[in-house]
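# here's a sequence, model it:
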Amino acid sequence: MDHKLTVTYVYSRGEPTEIPVYTQELPEGTLYSALSPTIEYYYADIVEVRGVMADTDVDYAVVYSPTNDADQNGYADELEQVPNVGEEIIEIPAPDQYQDQPTVLGETTDDGAIWIFTIFGMLAVIALGAIFLKAFHHKKA
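Take a look at the predicted model:
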């Protein structure tokens with residue numbers, strides 16, 4: 001009697017990989033072997049799925065972990081883009097549904113922090129300054 005061998009490929013962070021699920025119908029007692037495909041900058045916890053087909057369906061999950069993951073977020077460091085110190089952050093236009101939201105601009109600093117200000121925040125400071133100056137001017141007169 002045939003049983004199904006299924007191998008799924010997932011990232012250690014829980015997301016599926018781009019590799020399609022491998023399936024094969026095999027008679028009980030048949031030897032099987034399936035090499036795990038490679039993913040650049042990741043390693044598989046099972047390099048080769050192999051065994052003898054049992055009397056039931058057999059399922060494997062091959063888990064891919066990043067080779068380099070200094071920040072331990074589950075993504076390969078080589079695929080993460082981090083701005084260099086002093087590099088300007090480019091303003092990207094927001095989709096239409098967000099056009100009325102504040103525009104955020106900033107620049108990276110030596111410690112990796114980003115100084116951020118908003119156009120609406122600057123306008124609020126200017127408006128408060130004008131109100132203060134008007135009140136101060138009326139007191140002098």
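# and the helices in this structure?
119-140 (DSSP state H).
# can you list the domain ranges for it.
For the chain, the structural domains run 2-77, 83-140, going by automatic domain parsing.
# out of these, which gets the lowest mean score?
When the domains of the chain are compared by mean pLDDT, domain 83-140 comes last with a mean of 55.
# residue ranges of the strands in this structure, please?
With DSSP state E, the ranges of strands along the chain come out as 2-11, 22-27, 31-35, 42-44, 48-52, 58-66, 104-108, 114-118.
# now render those strands as a markdown table, adding mean neighbour count and distance to D77.
No exception for glycine: its C-beta is placed from N, CA and C like everyone else's. Formatted as a markdown table, the strands of the chain follow (neighbours: other C-beta atoms under 10 Å; distance: least, C-beta to C-beta, whole Å):
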| stretch | mean neighbour count | distance to D77 |
| --- | --- | --- |
| strand 2-11 | 16 | 14 |
| strand 22-27 | 13 | 28 |
| strand 31-35 | 12 | 26 |
| strand 42-44 | 18 | 11 |
| strand 48-52 | 13 | 27 |
| strand 58-66 | 17 | 7 |
| strand 104-108 | 15 | 18 |
| strand 114-118 | 12 | 20 |
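# would you turn the ones you listed into CSV with distance to A76?
Shown next, in CSV, are those (distance: least, C-beta to C-beta, whole Å):
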stretch, distance to A76
strand 2-11, 10
strand 22-27, 23
strand 31-35, 21
strand 42-44, 6
strand 48-52, 22
strand 58-66, 4
strand 104-108, 22
strand 114-118, 23
